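Engineer: test case, fold it:
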Amino acid sequence: MNEIITMPTMAKRFNLGEYAEEAIIVEDVVTRTPNHLHFIEANTNEVTLQHLVNDCITPVFAKDNELTINHASFIETIQEATRDYFHGEIVDDAAIRVSHIIKGRIPEALHKPANQLLESDKTLYYERCAFSIDVPSIYQDIHGNRLNLSIVGVRAYNLQSLYTKKSPELFKLAIGFKNQVCCNMCIMTDGYREDLRVSNTTELYKAALELFNNFNTAKQIHLMQQLGNTSMSEHQFCQILGKARLYQCLSTNAQKRLPRMLLTDTQINTVAKSYITDENFGGTGGELNMWQFYNLLTGANKSSYIDSFLDRSLNASELALGINAALHGDEIYKWFID
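Structural biologist: Purely as a prediction, here's the structure:
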């Protein structure tokens, strides 16, 4: 029986339709990701919400000096939406990662030598911010791994033109499952809004609720469970790696004729290395099942910069599911295994 496990505080039951039976409520222990594991690594640093609220300035649109929705407001809004939608569940505080710090000075400190600046003379904000909010009381065990429901948001000012008048602002928001063994994010199409544009936090809150409501929990779990039922040989794995490297060298027109593949050469190398060294998802006995392969992809994606992280998370799912189908005779991703 395929079942989503929830804690006793669960206020509603998921209708799992054609993919699984209804969720059952059980007594269990909430499992959280170890503190040393992060959902994204790359060049990011961990910060607190209090730091974003108290220590960071808010960028404005240059032509009318209108405020943007800053990182703290984004996180607080999604956290509120998560707690309201999953009322009665355990909702963790956001784990926040930032990169590309932008420093400045207040006008009164413009002519001070750098070594004489006081903390009150300095300003800062971060160009890019990502956060993850776990709901550990909603989880599923898949192939021996505990996966908690998780919401991930990304804001990158480099993707938003701030040199104009105020306009709808771009956010990326996803709901999916986080593997507690490795903190890898599992994102599917219906759980991801890659071009979420809103003008205020009220619209952002409503968009988050809509995303949560449209997310097909049971379908994602079903697809992830199915991955463990198919294995590939080491030869086939090496064939896929070779085609992935070759993909990078194809012309733009040639790439357009194939399914998209967003992972970089460096990340493909990480997949190859992890096949040998990863104690949880590495190849054993010359075989690799597709659940292991999927986690090698999502693990490699943790080296992505914040602004491309969720796009590549989705693409890792597309690749794993597509190649899995190709191993059963489907034509769409056949190029990667031929």
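
Engineer: for the rest of this, base every contact and every neighbour count on C-alpha atoms.
Structural biologist: OK.

Engineer: just the helices from this protein, written as ranges.
Structural biologist: Counting by DSSP state H, one finds helices in the chain at the ranges 49-55, 71-85, 201-214, 217-227, 234-249, 252-256, 265-277, 290-301, 306-327.

Engineer: domain map for this structure?
Structural biologist: Domain segmentation of the chain under automatic domain parsing yields 5-216, 228-336.

Engineer: give me every residue that touches residue 310.
Structural biologist: When contacts are counted by CA atoms under 8 Å, 6 or more residues apart in numbering, residue 310 touches 154, 172, 174, 187, 194.

Engineer: for the second one, give me its contacts.
Structural biologist: Read it as residue 172. With contact set as CA under 8 Å, 6+ apart, residue 172 has these partners: 153, 154, 155, 192, 193, 194, 195, 196, 310.

Engineer: kindly provide the distance from the second one to residue 179.
Structural biologist: Separation of residue 154 from residue 179 (CA to CA, to the nearest Å) stands at 19 Å.

Engineer: what about those two, which has more around it?
Structural biologist: Neighbours around residue 154 and residue 179, counted as other CA atoms under 10 Å, are more numerous at residue 154. The numbers are 27 against 24.

Engineer: I'd guessed that one sits against residue 173; true?
Structural biologist: Yes - judged on CA atoms under 8 Å, residue 154 makes contact with residue 173 at a distance of 6.4 Å.

Engineer: wait, what's in contact with residue 215?
Structural biologist: Contact partners of residue 215, counting by CA under 8 Å, 6+ apart, are 175, 190, 191.

Engineer: is it true that the second one touches residue 219?
Structural biologist: Okay, so that is residue 190. No - using CA under 8 Å, residue 190 makes no contact with residue 219, being 9.8 Å away.

Engineer: residue 236 - nearest residue in space that isn't next to it in sequence?
Structural biologist: Leaving aside its sequence neighbours, residue 236 sits nearest to residue 337 (CA to CA, 6 or more residues apart in numbering; 6.4 Å).

Engineer: which pLDDT value does the model give that neighbour?
Structural biologist: pLDDT recorded at residue 337 is 93.

Engineer: which ones are touching it?
Structural biologist: With contacts defined as CA under 8 Å, 6+ apart, the neighbours of residue 337 are 236, 239, 240, 243, 323, 326, 327.

Engineer: of those residues, keep whichever come out buried.
Structural biologist: Neighbour-count burial within the contacts of residue 337 applies to 236, 240, 323, 326, 327; the criterion is 16 or more other CA atoms under 10 Å.

Engineer: rewinding a little: of the contacts of residue 310, which is the nearest to residue 133?
Structural biologist: Within the set of those, residue 174 lies nearest residue 133; the separation is 10.5 Å, counting by CA to CA.

Engineer: so that closest one sits against residue 149, correct?
Structural biologist: No - with contacts counted by CA under 8 Å, residue 174 stays clear of residue 149, the gap being 10.9 Å.
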